[in-house]
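Q: 3D, please:
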Amino acid sequence: MGERATRVLKWIFWIWVVLMLLLQIANLFMNGVNRGTLIIFSEFLIFVWFGFIYFLRKPLSKIIKKIPNKYLRFVVVGYLSTVVAELVYMFSHPMHRNVVWDLILTAPWYILWMALWFKILKKYDYSLVEAFVLAGVHGLIIEGLLNSPLLALMGLPLFIALYGCFFIVPYLLMKDEFKGQKHASLWKKIKMSFVPLIAFIIGFIWIFSLVKIFGLTLH
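A: Just a heads-up that it's a prediction; the model follows:
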């Protein structure tokens, strides 16, 4: 893909994201404050979180090295980023309204996802942009499966941006530590990026089991 075409796609992507955010703001003004309309604030906080990590990435990269093992460091930092995401959605669109249950329900799939994603990133030379977008696509898939496929497609760039913002955090902070990655075609990277989705299958089984055993009500 040429440089000009790439720039055009970036503009389309972010214009689409902004339009989706503006629609949610309009919905907030038209329908008032409720759990559904408050989701715009959760999304805003996700972007703030990413901005915080991005601008402080150099000192944060040094701080996290206190965790000696690179694999463990990646998984811990990645999981903590997903915890932040779960917490900012507690007042708008949580999986469970009790924060403890919410974190218990989501922990296995997030931790396993980070563990599998580390293995893929360690092997192949993903750029930060590629990792951001492909990790974000997982969000699109999950939103489509858990909610509405049509809604997920309508909000395609927004879902990618939101999930990418918190899934990219460990790779953003540790990118310089990934050495000796194999060069791979974009198509190969896309295919391999779907391996971590195994985590969501296991996560679904975990959530389904807890819901049945403890009679939990989601959302």
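
Q: spatially central residue for the protein, please.
A: Closest residue to the average C-alpha location of the chain: Y163 at 2.6 Å, with Cα atoms, centre = their mean.

Q: buried residues of the worst-scoring helix or strand of the chain on mean pLDDT, list them for me.
A: One helix or strand of the chain scores below all others by mean pLDDT, DSSP states H and E: helix 149-154, with a mean of 74. Residues of helix 149-154 classed as buried: A152 (neighbour count, 16 or more other Cβ atoms under 10 Å). In short, each C-beta sits where N, CA and C put it, glycine included.

Q: tell me which other helices or strands whichever helix or strand comes after it touches.
A: Using DSSP states H and E, the helix or strand that follows helix 149-154 towards the C-terminus is helix 156-167. Contacts defined by 3 or more Cβ pairs under 8 Å, 6 or more residues apart in numbering; DSSP states H and E place helix 156-167 against helix 3-31, helix 39-55, helix 70-88, helix 128-146.

Q: TSV for these, including distance to K212?
A: Formatted as TSV, the helices and strands packed on helix 156-167 follow (distance: least, Cβ to Cβ, whole Å):
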stretch	distance to K212
helix 3-31	33
helix 39-55	28
helix 70-88	22
helix 128-146	17
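
Q: and those as a markdown table, adding mean pLDDT?
A: Conversion of those to a markdown table gives the following (pLDDT from 0 to 100):
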| stretch | mean pLDDT |
| --- | --- |
| helix 3-31 | 88 |
| helix 39-55 | 95 |
| helix 70-88 | 96 |
| helix 128-146 | 83 |
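
Q: could you dump those into TSV with mean neighbour count and distance to H183 added?
A: Shown next, in TSV, are those (neighbours: other Cβ atoms under 10 Å; distance: least, Cβ to Cβ, whole Å):
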stretch	mean neighbour count	distance to H183
helix 3-31	12	19
helix 39-55	16	26
helix 70-88	19	21
helix 128-146	19	13
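
Q: looking at these, which is nearest to P170?
A: Of all those, it is helix 70-88 that lies closest to P170, at 4.0 Å by Cβ to Cβ.

Q: then the closest one to CSV, C-alphas only?
A: Taking Å, rounded to 0.1, in the frame of the first residue of the first chain, the C-alpha atoms of helix 70-88 are listed here in CSV:
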residue,chain,number,x,y,z
LYS,A,70,10.1,-10.0,30.6
TYR,A,71,7.3,-12.5,30.0
LEU,A,72,5.8,-11.9,33.5
ARG,A,73,6.3,-8.1,33.1
PHE,A,74,4.4,-8.1,29.8
VAL,A,75,1.5,-10.1,31.2
VAL,A,76,1.3,-8.1,34.5
VAL,A,77,1.4,-4.7,32.8
GLY,A,78,-1.0,-5.8,30.2
TYR,A,79,-3.4,-7.2,32.7
LEU,A,80,-3.2,-4.0,34.8
SER,A,81,-4.1,-2.0,31.7
THR,A,82,-7.2,-4.2,31.2
VAL,A,83,-8.2,-3.7,34.9
VAL,A,84,-8.1,0.1,34.3
ALA,A,85,-10.4,-0.5,31.3
GLU,A,86,-12.8,-2.5,33.4
LEU,A,87,-12.9,0.1,36.2
VAL,A,88,-13.7,3.0,33.9
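
Q: centre of the chain to that helix, how far?
A: 10 Å (Cα atoms, centre = their mean, to the nearest Å).
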